[in-house]
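**Student:** 3D, please:
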Amino acid sequence: MRTAVAALAFSTLAAGHATFQELWVAGKDDASTCARLPANNNPVTNVGSNDIRCNVGGTKAASAKCSVAAGDTVTVEMHQQPGDRDCSKEALGGNHFGPVIVYLSKVADASSADGSSSWFKIFEDGYDPATKTWGNDKLNKGCGKQDVKIPADIAPGDYLLRAETIALHTASQANGAQFYMTCYQLTVTGGGSANPSGVKFPGAYSANDPGIKIDIWGSSFTEYKIPGPAVYSG
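**Tutor:** Below you'll find the predicted structure:
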């Protein structure tokens, strides 16, 4: 059965491509106003490229910054096609199983930042072996939406928020993992004085990391290690 599913995954490489497109702030739909939307829904596959920061074309500024209070919840939203928020369609189809990961980066100006600054992880959801459920399975069940809490203690100011899912259906081969990410321009209000240390993109991931080069279809697959640093616990 696993062999059949794996074969199907290889045969539907482009069928499930998608992008994070919209953002909700404390339940308010800000649509795509602060999202740096990529030119298309194709993945990034080279973890050593600058495209791993905010996707291809991700240095181009969005039309606005979204204001969010420290401690509030934002909701990133993913769909396969631009503007298509039809909940009857999978957010990421084609057996593109994998984790959902979200980072923040403190920047001087979210409209002009290029993503070369340090990133700290604020959310991750990988694989539950008990239910055999992936983080992006939950995206598909929830109309592409993932809630993420902004840490209450971080310093106010501008940030880039980087929402990512990694599709692992072809990750057993070199450069087979598919990275889908979008950066959102935020201005965080309130908060405290914390300035968490972080990682750089490229650099945070290696092509041979156990959570990036992995055979999720093999009989020996029982657990999954999410790549990148630990989630900030402030």
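**Student:** Which residue lies nearest the spatial centre of the chain?
**Tutor:** Nearest to the mean C-alpha position of the chain, counting by C-alpha atoms, centre = their mean, stands residue 164 at 1.0 Å.
**Student:** That one and residue 27, how far apart?
**Tutor:** Separation of residue 164 from residue 27 (C-beta to C-beta, to the nearest Å) stands at 23 Å. C-beta coordinates here come from the backbone N, C-alpha and C atoms, glycine included.
**Student:** hmm, who's touching stretch 28-44?
**Tutor:** Residues from elsewhere that reach stretch 28-44 (C-beta atoms under 8 Å, 6 or more residues apart in numbering): 14, 17-24, 51-52, 54-66, 80-83, 110, 167, 178-186.
**Student:** what about 7 Å?
**Tutor:** Stretch 28-44 is contacted from outside by 17-19, 21-24, 51-52, 54-58, 60, 62-66, 80-81, 167, 178-180, 182-186, using C-beta atoms under 7 Å, 6 or more residues apart in numbering.
**Student:** Are any of those buried, and if so which?
**Tutor:** 17-19, 21-24, 51-52, 54-55, 58, 62, 65-66, 80, 167, 178-180, 182-186 (16 or more other C-beta atoms under 10 Å).
**Student:** now the strands: where do they sit in this protein?
**Tutor:** 19-25, 28-29, 35-36, 66-69, 73-79, 100-107, 120-125, 127-128, 133-134, 145-149, 157-167, 178-189 (DSSP state E).
**Student:** In the sheet, which strands lie alongside the fourth one, parallel or antiparallel?
**Tutor:** Meaning strand 66-69. Next to strand 66-69 in the sheet, as set by DSSP bridges, lie strand 178-189 (parallel).
**Student:** and the strand it pairs with with strand 157-167, angle?
**Tutor:** With axes from the mean of the first three to the mean of the last three C-alpha atoms, to 10 degrees defining the directions, strand 178-189 sits at 160 degrees from strand 157-167.
**Student:** relative to strand 73-79, how tilted is strand 178-189?
**Tutor:** Calculated by the same axes, to 10 degrees, strand 178-189 forms an angle of 150 degrees with strand 73-79.
**Student:** got the contact list for residue 215?
**Tutor:** Residues touching residue 215, when contacts are defined by C-beta under 7 Å, 6+ apart, comprise 172, 221.
**Student:** what separates it from residue 126, distance-wise?
**Tutor:** Where residue 126 is concerned, residue 215 sits at a distance of 16 Å (C-beta to C-beta).
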